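Enquirer: what's the 3D shape of this:
(one chain, ligands or ions: 2)
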Amino acid sequence: MNKVIIEGGNSLRGKVDISGFKNAALPIIVGTILSNDKCKIKNLPMIGDVYNLVKIMDLLGAKVSLNESGYMDIDTSTISNCVFIDEITTKMRASYYLLGAGLGRFGKVEVLYPGGCNIGVRPIDQHIKGFEALGANVEVEHGVIRCKADKLIGSKIYLDVVSVGATINIMMAATKAEGTTIIENAAKEPHIVDVANFINAMGGDVRGAGTDIIKINGVDKLHGCNYSVIPDQIEAGTYMIGAVATKGDVIINNVIPIHLEPISAKLREMGAEVVEYGDSIRVNGNFNLKSVNVKTLPYPGFPTDLQQPMTALLSNVKGTSIVTETVFEGRYKYVDELKRMGVDIDLDGRIAIVEGVEKLMGTKVKATDLRGGAALIIAGLIADGVTEIEEAYHIERGYENFISKLLNLGAKIKEG
Ligand SMILES: CC(=O)N[C@H]1[C@@H](OP(=O)(O)OP(=O)(O)OC[C@H]2O[C@@H](n3ccc(=O)[nH]c3=O)[C@H](O)[C@@H]2O)O[C@H](CO)[C@@H](O)[C@@H]1O
Ligand SMILES: C=C(OP(=O)(O)O)C(=O)O
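Expert: Ligands and ions are numbered 1, 2, ... in the order given. This is a model prediction of the structure:
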C-alpha cells in the first residue's frame, strides 16, 4: 500500500472486530523456536510484520504455513541453527527476539541489528545485559549481533529501564537456562503476560508476568502447543480514538477492556462516553470535548504507541493539551506532517503543546512510521477535504485491513 486517500468529515459508526496483538504475536511466533516441535497459533493479525516474520522463519528452516484467518502451523524442529545474517531482519523490530529464542535453543545466535519504527535511538543494552548475566558472550560489530553461551545459568537481572523487548528476550533465553532467573523492574504490558502464558503452554515455568518481578525456572525441554494470541490493545485504542475524533459511536469487539483502561480513562476525562462489556467496548464521542494532558508511560500508563493518534485527536479539541512522550525521544516526526494540515503544535523536546484548532485541512502528507501513519489517518478523517497519505506502507506493518475496517465504519477512504 503506497498511498491512502481520505475524504474527511464522516463520523465513524458501527462495529469493528479487533485482530490479534502484533506485539504479542511476533515474539510468540519467534518463541516457537524454543519448542523444537510443532505449534499451532491462532488469532495472528494479517499484517506486514507477521508476513515478514513468516518469511524469516521459513528461511531459518522452519516448516510454516499461515492461512488468511490468522491460523499458523509451525514446526521448528527442522531449524538447525540461528546464524542468520540477512537484511530481511532489519525490516522490523521484533526480529530481535531471535536473540533470546536462538540463545535458549542453540546457545548461539548471529543476526543483524533490528529495524522497526524510527522513533528514537532504540538501544538493546538491556537485552545484552540480561544475556550476559545468564552467561552468554555478546558482541555487536558493524551491525551484527553475536551471542554465544556454552551453558545458560539462571541469574538475577535488574533492568535499568523498563523494556518490553528486553523483558521478553530474557524470559525466552532464561526458560532454557539451568536454575532460576529473576527479572526485576520488568515490563508489565499485556503482551508480556501473553508471551509468558505461551512459554508455559510449551512446558516452561514463568511466574509473575504482569508484575515488575518475573521469576523463570529453567526447564530442559519444551514441547509444542496450541495457543491463541490476545487482541491488539493498540489497534483497539486507535479505533477508540478514531471514534472520539470523528464524534462517532463505535462498538469495538474482541477486546480485553482492562487492557484499554489507560485509554478509556483519558477519553472519559475528555468528555467521551466509554462503556465496557465482557469482550467489547463502546465509544461515543458525540459530546463537547475538552483538552487534556497526556503522558506516555510503560503499562499501565498511557501507551506510547497511541501518543501519535491521540495527539491527532487533541489537535482538533478546543483548548490547550500538553502531551509528554517519556518513552521514545524521537516520536514526534509526524508532527511536521500534521502541521501541513493546519494543526497548531509546538514541540519542546519531549513535550508537545497542542492548541486545538477548529479545522484541519486535507492535503498531501507522508507517513513517517507505523503509528505516525495512523495519526495521519485520524487527522484525515476529521479534516476538511481530501488527505493523501504517501509512504502508507508503514501502516500495513501493524494494522490488519485498516482501510476496509474504516470503510465498514462509514469512512470515505481508499488505497491510492
Ligand atoms: C515489537 C514491539 O513489541 N515493539 C514495542 C516495544 O518496543 P521495544 O521493545 O523496542 O521498546 P522498549 O520497551 O524496549 O523501550 C522502552 C524504552 O527503553 C529504552 N531501551 C530499551 C531497551 C534497551 O536495551 N535499552 C533501552 O534504553 C528504549 O530506547 C525506550 O526508551 O515496546 C515499545 C514500548 O511499549 C512499543 O512502543 C513498541 O511497539
Ligand atoms: C513502535 C512500534 O513498533 P515496532 O517496535 O515494531 O517498530 C509500534 O508498534 O508502535
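Enquirer: Right, and ligand 2 sits closest to which residue of the stretch 201-350 of the chain?
Expert: Taking C-beta to the nearest ligand atom, ligand 2 has its nearest neighbour within the stretch 201-350 of the chain at residue 305, 3.8 Å off. From N, CA and C alone the C-beta is placed, and that goes for glycine too.
Enquirer: mind checking pLDDT for that residue?
Expert: As predicted, residue 305 sits at a pLDDT of 98.
Enquirer: So the closest residue in space to it that isn't next to it in sequence, which state does it fall into?
Expert: Excluding its sequence neighbours, the residue lying closest to residue 305 (C-beta to C-beta, 6 or more residues apart in numbering) is residue 234, at 4.6 Å. Classification of residue 234 using DSSP: H, G, I helix; E, B strand; the rest coil returns helix.
Enquirer: so whichever residue of the stretch 101-250 of the chain sits closest to ligand 1 is in which element?
Expert: The minimum distance from the stretch 101-250 of the chain to ligand 1, using C-beta to the nearest ligand atom, falls at residue 165 (2.7 Å). Counting by DSSP states H and E, the element that carries residue 165 is helix 164-175.
Enquirer: Am I right that residue 371 is in contact with residue 117?
Expert: Yes - under the criterion of C-beta atoms under 8 Å, residue 371 makes contact with residue 117 at 7.2 Å.
Enquirer: residues near residue 259, how many?
Expert: When neighbours are counted by other C-beta atoms under 10 Å, residue 259 registers 24.
Enquirer: Tell me which residues touch it, please.
Expert: By C-beta atoms under 8 Å, 6 or more residues apart in numbering, the contact set of residue 259 is 190, 230, 231, 233, 236.
Enquirer: so can I have TSV of the residues you listed showing pLDDT and distance to residue 101?
Expert: Listed next are the contacts of residue 259 as TSV, based on pLDDT from 0 to 100; distance: C-beta to C-beta, whole Å:
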residue	pLDDT	distance to residue 101
190	98	20
230	98	19
231	98	24
233	98	23
236	98	27
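Enquirer: ok, of the residues you listed, which one's closest to residue 201?
Expert: Within those, the smallest distance to residue 201 is 13.0 Å, found for residue 230 (C-beta to C-beta).
Enquirer: Next, the closest one: phi, psi?
Expert: Phi and psi for residue 230, reported as degrees, to the nearest 10, are phi -70, psi 160.
Enquirer: if I pick it, what's in contact with it?
Expert: Contacts of residue 230 (C-beta under 8 Å, 6+ apart): 20, 21, 24, 43, 190, 191, 194, 256, 259.
Enquirer: Select only the buried ones of those residues in ChimeraX?
Expert: To isolate the buried members of the contacts of residue 230 in ChimeraX, using 16 or more other C-beta atoms under 10 Å:
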select :20,21,24,43,190,191,194,256,259
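Enquirer: Now intersect the contacts of residue 230 with the helices, please.
Expert: The helices, defined by DSSP state H, take in 24, 190, 191, 194 from the contacts of residue 230.
Enquirer: What parts of the stretch 301-416 of the chain come near ligand 1?
Expert: Proximity of the stretch 301-416 of the chain to ligand 1 (C-beta under 6 Å from any ligand atom) is limited to residues 304, 305, 327, 328.
Enquirer: If we use 8 Å, what do you get?
Expert: Within the stretch 301-416 of the chain, the positions lying close to ligand 1 (C-beta under 8 Å from any ligand atom) are 303, 304, 305, 327, 328, 329.
Enquirer: ok, back up a step: show me the contacts for the residue nearest to residue 305.
Expert: 21, 22, 23, 303, 305, 306, 371, 398.
Enquirer: rerun that using 10 Å as the cut-off
Expert: Contact analysis of residue 234 by C-beta atoms under 10 Å, 6 or more residues apart in numbering lists 18, 21-23, 191, 259-260, 263, 303-306, 309, 370-371, 374, 398-399.
Enquirer: Tell me the buried residues within the residues you listed.
Expert: The neighbour count (16+ other C-beta under 10 Å) marks 18, 21-23, 191, 259-260, 263, 303-306, 309, 370-371, 374, 398-399 as buried among these.
Enquirer: Keeping just the C-alphas, turn stretch 355-375 into CSV.
Expert: The C-alpha trace of stretch 355-375 is given here as CSV (Å, rounded to 0.1, in the frame of the first residue of the first chain):
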residue,chain,number,x,y,z
GLU,A,355,-3.6,24.3,20.8
GLY,A,356,-6.8,22.8,19.4
VAL,A,357,-7.8,24.3,16.1
GLU,A,358,-11.3,24.4,14.8
LYS,A,359,-10.5,22.8,11.4
LEU,A,360,-7.9,20.6,9.9
MET,A,361,-7.4,20.8,6.1
GLY,A,362,-6.8,17.9,3.9
THR,A,363,-3.5,17.9,1.9
LYS,A,364,-0.6,15.6,0.8
VAL,A,365,1.3,14.2,3.8
LYS,A,366,3.8,11.4,4.4
ALA,A,367,3.6,8.6,7.0
THR,A,368,6.8,8.7,8.9
ASP,A,369,6.3,5.4,10.7
LEU,A,370,3.5,3.0,11.7
ARG,A,371,1.6,5.0,14.4
GLY,A,372,2.6,8.3,12.8
GLY,A,373,0.7,6.9,9.8
ALA,A,374,-2.3,6.0,12.0
ALA,A,375,-2.2,9.6,13.4
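Enquirer: do that stretch and ligand 2 meet?
Expert: Yes - using C-beta under 8 Å from any ligand atom, stretch 355-375 reaches ligand 2 at 369, 370, 371.
Enquirer: can these go into CSV with extra columns for secondary structure and distance to residue 36?
Expert: CSV is the format used below for these (DSSP: H, G, I helix; E, B strand; the rest coil; distance: C-beta to C-beta, whole Å):
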residue, secondary structure, distance to residue 36
369, coil, 35
370, helix, 32
371, helix, 35
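Enquirer: who's in contact with the closest residue to ligand 2 within the chain?
Expert: Residue nearest to ligand 2 within the chain: residue 116 (2.9 Å; C-beta to the nearest ligand atom). Applying C-beta under 10 Å, 6+ apart, we find residue 116 in contact with 49, 90-96, 122, 165, 369-370, 397.
Enquirer: Top of these by number of neighbours, please.
Expert: When neighbours are taken as other C-beta under 10 Å, the top entry among the contacts of residue 116 is residue 370 (27 neighbours).
Enquirer: Sounds good, over and out.
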